Structures are given as C-alpha cells and as structure tokens.
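Student: Quick one, fold the following:
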Amino acid sequence: MKDTQNQRDYRNITIDKVGIKNLRYPITVLDRRNGCQDTVATINMYVDLPHKYKGTHMSRFVEILNVLRPEVSLKKISDALEQMKKHLNAASSHIEVTFPYFIEKKAPISSSPGLMDYTCKLTGSSGPDGKIDFVSEVIVPVSSVCPCSKEISEAGAHNQRGEVRLSIRFKKFIWIEDMIELVEKSGSSEVYSVLKRVDEKYITEYGFSNPKFVEDIVRDIAIKLKEDDNVTWFSVSAENFESIHNHSAYAHIASS
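Tutor: Numbers count the residues shown, from 1 in each chain. Coordinates of the predicted model:
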C-alpha cells in the first residue's frame with residue numbers, strides 16, 4: 001500500500017517533536033516496600049521529523065511501548081528511545097511517562113493506615129549522539145504555616161495545603177519514596193489521608209511550631225540536594241494555595 005508519510009515534503013521545514021500525547025497505558029513500577037506496583041500511566045512520545053519527510057508513523061509509537069512492559073525501568077526507557085529512533089528514522093527521541101503512585105502512610109499518633117497518591121513522572125530523551133538524558137519528577141502535597149502570620153497574630157496563624165514539584169537528574173537509581181520523603185520533611189507538616197483527633201491535634205501543633213514560607217521550603221530542599229553527590233541537577237518549586245488570598249504563593253530554584 002502507498003506510504004504517504006514517507007512521501008517527499010517540499011516546504012523544507014524540520015519538525016522538532018512529532019508523535020503521540022495522552023496515551024493511557026498500564027505499567028508496573030518499582031516499589032521500595034512491595035517490590036512492584038501496578039498503575040496506569042499517561043504517556044507522550046515524540047521524535048524529530050527531517051524536513052524531507054511528510055509525516056511520521058504514529059502507530060509505531062504504540063507498538064514500541066511493548067518494550068516497556070510490564071515493568072517501567074530506566075533501561076527499558078532507554079531501549080524504547082533507541083527503538084523510536086530506529087523504527088521512525090529519527091535523530092532524536094523523547095518520552096514522558098506520568099503516573100499516580102500510591103504509598104501507605106500511617107497517622108503520626110494513632111498509626112491509622114491510609115493510601116496517599118503522588119503524581120510521578122519519568123522523562124527520557126536521546127539525541128543524535130545516542131546520549132540518554134533522564135529526569136525523575138514527583139509532585140508532593142505539603143502543609144505550611146505562615147511565619148509572618150504567626151509573628152504578628154495574638155492567636156493562631158493561617159495555614160494551607162501546598163504542592164511541591166521536585167525534578168532531578170542523578171548518577172545512580174533513586175527511589176521515588178526517597179524523593180517524596182525529602183519533600184515531605186521540608187514543609188511545616190506532612191499531609192495524610194487518614195487522621196484521628198489525636199493525629200489532627202499533633203499535626204496542628206507541630207505545624208504551628210514549624211512555620212515555613214514557600215521560600216523556606218525550596219531552600220531547605222535545595223540544601224539537601226546540593227549535599228547529595230548522587231544528584232547532578234535539580235529543579236524544585238513550591239506553590240501554596242493561600243487560605244487568606246485569592247492567589248497562590250510561589251518559589252522556584254534550579255541548579256546550574
């Protein structure tokens with residue numbers, strides 16, 4: 001049959017990224033406590049398209065996903081990136097795998113268990129030189145108490161839930177749980193799915209004794225990452241969904 005995608009294009013314009021977005025796909029990821037965890041990912045896959053070709057072969061992206069099954073690992077993402085370049089006649093390839101990850105957390109006093117979900121993302125790229133670049137990302141909810149509000153108020157201080165986005169490049173494999181724990185310890189207090197009254201009392205008082213601006217959160221995380229020889233690059237941002245404003249507070253730090 002006629003291969004329209006491989007026909008000549010005469011506009012002489014190279015496309016940086018072409019491919020598929022928002023494909024939902026079942027995957028298995030490594031779980032530090034249980035060995036592995038089944039989840040459903042949203043996957044984006046792209047390659048570059050030389051100026052001489054009219055289009056790419058979209059169906060091949062989905063076929064190449066079989067390389068990742070059943071377990072998503074850095075090696076398998078590397079294999080998929082190389083398969084994309086080979087089967088799509090591309091010089092560069094890019095893949096993004098975003099998925100919910102669940103961790104059982106026990107409440108701090110009652111030890112009541114509950115599942116917390118975190119959004120995680122693995123991004124891989126391969127250039128013309130074959131060098132693979134990986135970035136691991138987590139989005140973690142935290143709670144923060146405003147230091148300014150505590151300082152100027154005769155009673156109480158405003159507090160809110162926030163969200164920290166941490167992305168890193170690394171030398172050796174790093175657990176998702178380690179990234180999440182690093183973030184959770186940097187807020188005023190952690191967020192839980194199940195809290196009894198004794199836990200709520202503890203969380204409220206602990207947060208009040210540990211006030212944090214968004215600036216404090218990203219700086220505390222940055223200090224720990226700078227001390228970690230395994231981390232070669234990082235980007236960390238914190239957004240507080242303010243309880244007394246109709247806007248968010250935001251801070252961001254990226255290493256050089």
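
Student: send the alpha carbons of stretch 90-109 over as PDB?
Tutor: The C-alpha trace of stretch 90-109 is given here as PDB (Å, rounded to 0.1, in the frame of the first residue of the first chain):
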ATOM      1  CA  ALA A  90      14.700   9.900  13.600                       C
ATOM      2  CA  ALA A  91      17.800  11.600  15.000                       C
ATOM      3  CA  SER A  92      16.300  12.300  18.400                       C
ATOM      4  CA  SER A  93      13.500  10.800  20.600                       C
ATOM      5  CA  HIS A  94      11.700  11.800  23.700                       C
ATOM      6  CA  ILE A  95       9.300  10.000  26.100                       C
ATOM      7  CA  GLU A  96       7.300  11.200  29.100                       C
ATOM      8  CA  VAL A  97       5.600   8.700  31.500                       C
ATOM      9  CA  THR A  98       3.300  10.200  34.100                       C
ATOM     10  CA  PHE A  99       1.500   8.100  36.600                       C
ATOM     11  CA  PRO A 100      -0.100   8.000  40.100                       C
ATOM     12  CA  TYR A 101       2.000   6.300  42.700                       C
ATOM     13  CA  PHE A 102       0.500   5.100  46.000                       C
ATOM     14  CA  ILE A 103       2.200   4.800  49.400                       C
ATOM     15  CA  GLU A 104       0.600   3.600  52.600                       C
ATOM     16  CA  LYS A 105       1.200   6.200  55.300                       C
ATOM     17  CA  LYS A 106       0.300   5.700  59.000                       C
ATOM     18  CA  ALA A 107      -1.000   8.600  61.000                       C
ATOM     19  CA  PRO A 108       1.600  10.000  63.400                       C
ATOM     20  CA  ILE A 109       0.000   9.200  66.700                       C
END
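
Student: Could I get the average pLDDT for it?
Tutor: Averaged over stretch 90-109, pLDDT sits at 98.

Student: Could you chop the protein up by domain?
Tutor: 1-97, 131-256 (automatic domain parsing).

Student: Need those in JSON lines (columns: mean neighbour count).
Tutor: Glycine gets a C-beta too; all of them are placed from N, C-alpha and C. Output for the domains of the chain, formatted as JSON lines (neighbours: other Cβ atoms under 10 Å):
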{"stretch": "domain 1-97", "mean neighbour count": "15"}
{"stretch": "domain 131-256", "mean neighbour count": "16"}
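
Student: Okay then, goodbye and thanks.
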